[in-house]
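Participant: sequence-free structure coming up:
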């Protein structure tokens, strides 16, 4: 990844570690895809709400990897239908900006409740 900014590397890591594309990443953070492009090129940096959502997503991804032990397990859970989300996927909740709901589902899993 020579030549990439630290933020671009972080975005690449986040998107690849949970199996999403840049458009989905932008939707999760409630920004336009062009904004993500500007972050990658260091023409802009996350500010205020988008920075808070980015920090929440980073924490969620860390928790996913702690909860599932393998990256593939985390991706499968994130992309699989769940009764906890009414038959939707945890990714669907993320795409609606609900990092908090996915975090709550992980809390339930970590507490031994099958979701």
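Facilitator: Structure's in. What do you need? Just so you know, these numbers come straight off a predicted model, no measurement behind them. Residues are numbered from 1 along each chain as shown.
Participant: contacts, neighbours, all on C-alpha from now
Facilitator: Noted.
Participant: residue 92: neighbour count?
Facilitator: 19 (other CA atoms under 10 Å).
Participant: give me the element it is part of.
Facilitator: Secondary structure assignment for residue 92, by DSSP states H and E: helix 90-95.
Participant: tell me the helix or strand right after the longest helix that the chain contains.
Facilitator: The residue-count maximum for a helix in the chain (DSSP state H) belongs to helix 48-68. Next helix or strand after helix 48-68 toward the C-terminus (DSSP H and E): helix 71-79.
Participant: so what secondary structure elements neighbour that following helix?
Facilitator: helix 6-18, helix 48-68, helix 90-95 (3 or more CA pairs under 8 Å, 6 or more residues apart in numbering; DSSP states H and E).
Participant: now do the helix holding residue 92, average pLDDT.
Facilitator: Helix 90-95 shows a mean pLDDT of 96.
Participant: try stretch 37-53
Facilitator: On average, stretch 37-53 scores 94.
Participant: okay, buried residues for that stretch please.
Facilitator: 39-40, 46, 50, 53 (16 or more other CA atoms under 10 Å).
Participant: distance to residue 33 added to the residues you listed, as CSV?
Facilitator: Formatted as CSV, those follow (distance: CA to CA, whole Å):
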residue, distance to residue 33
39, 10
40, 11
46, 13
50, 13
53, 15
